[in-house]
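Participant: Any chance you can model this:
(one chain, ligands or ions: 1)
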Amino acid sequence: MNFHVLTLFPEMVMQGLHTSILGRAVSKGYMTIEAVNIRDYTNDKHGKVDDYTYGGGAGMLMQAQPVYDAYWAVADAIANRKAAEAEPAAAESAEGIQERNGGSGCARDRQPRVVYLTPQGRTFHQKMAEEFAKEEDLIFLCGHYEGIDERVIEEIVTDPVSIGDYVLTGGELPAMVMIDAIARLVPGVLHNDESAVSESFYHDLLEYPQYSRPEIWHEKKVPEILLSGNHAKVDEWRLAQSIERTKKLRPDLYEKWKQRSESECRQDKKKS
Ligand code: 6GU
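Facilitator: Prediction:
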């Protein structure tokens, strides 16, 4: 998986995403993260990337030209890489792939998805993370100031996404949130293959409580069943805890889970 982030603050994205688990995943080669500075692509001789909005109003808007050119630098690099992978000998001649949207070359199968971080987008959730995790390349477009000129958004964005109903100062943090959620689903990124599926939101249930040493802490004892060594009983207890927690803390998720398990139960009955 290759993450490409178009931003005015590349160092923020790179620092945030190269620590801990994601840092390890990058150095082991399970994924790449590149932050492209939109400012590097402006045609303005003073490096300007924003201007006042037509019609007036507070704040500055990111202009279309630098965003568009930064996008095409990334999209062309991806297309060239794919052409080189498909036919190593043709890598040189693939350099001129400039026919945008189409052309006869088989290497250019499809434009990569472009996620625009905006409070106006669809709200991000686990199922979307699972869908995005199937892509080979993902481009994230981070706006700042009052946003980006609508015309370039219309031309390049495939997926407007929000991370919740509150307002942030820019798209960098939301992009980092999304990349974290998507990256942990990429094979190899997490050490224990199990944990990607067993944690909260898999099957709409929250995770059960967990305990480590010591057995007694602040006069609180670890539940006896977890010390029993009976794996079937432990699994049963954990599922019951997950259900109870979800019902109490996230009644909305609990209803979803209940509906789903009831309908699965009916289907199983039909089959037998
Ligand atoms: Cl994706 N961007 C901004 N600026 N604010 C947000 C958001 C995104 N999602 C929630 N609030």
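Participant: Every contact and neighbour count from this point should use C-alpha atoms.
Facilitator: OK.
Participant: residues from the chain in reach of the ligand?
Facilitator: When proximity is defined as CA under 6 Å from any ligand atom, the chain approaches the ligand at 117-119, 161-171, 174.
Participant: rerun that using 8 Å as the cut-off
Facilitator: 116-121, 123, 142-144, 161-175 (CA under 8 Å from any ligand atom).
Participant: Of the residues you listed, keep whichever come out buried.
Facilitator: 116-119, 142-144, 161-164, 170-175 (16 or more other CA atoms under 10 Å).
Participant: What pairs with the helix or strand encompassing His4, parallel or antiparallel?
Facilitator: Here His4 is covered by strand 2-7, with elements defined by DSSP states H and E. Sheet pairing of strand 2-7 (DSSP bridges) gives strand 32-37 (parallel), strand 137-142 (parallel).
Participant: what's the following helix or strand after the helix or strand where Lys82 lies?
Facilitator: Assigned by DSSP H and E, Lys82 belongs to helix 64-86. Downstream of helix 64-86, the first helix or strand assigned by DSSP H and E is strand 113-123.
Participant: need the helix or strand of the chain with the lowest average pLDDT.
Facilitator: helix 195-198 (a mean of 61; mean pLDDT, DSSP states H and E).
Participant: For Ser20, see how far away the nearest residue to Phe3 once chain neighbours are set aside is.
Facilitator: Nearest non-adjacent residue to Phe3, counting by CA to CA, 6 or more residues apart in numbering: Ile33, 4.8 Å away. According to CA to CA, to the nearest Å, Ile33 and Ser20 sit 14 Å apart.
Participant: So for those two, which sits in the more crowded spot?
Facilitator: Counted by other CA atoms under 10 Å, Ile33 and Ser20 do not tie: Ile33 has more neighbours, with 19 against 9.
Participant: Where does pLDDT dip in the stretch 1-150 of the chain?
Facilitator: 90-109 (pLDDT under 70).
Participant: mind redoing it with 90?
Facilitator: Within the stretch 1-150 of the chain, the stretches with pLDDT under 90 are 58, 87-111, 144-146.
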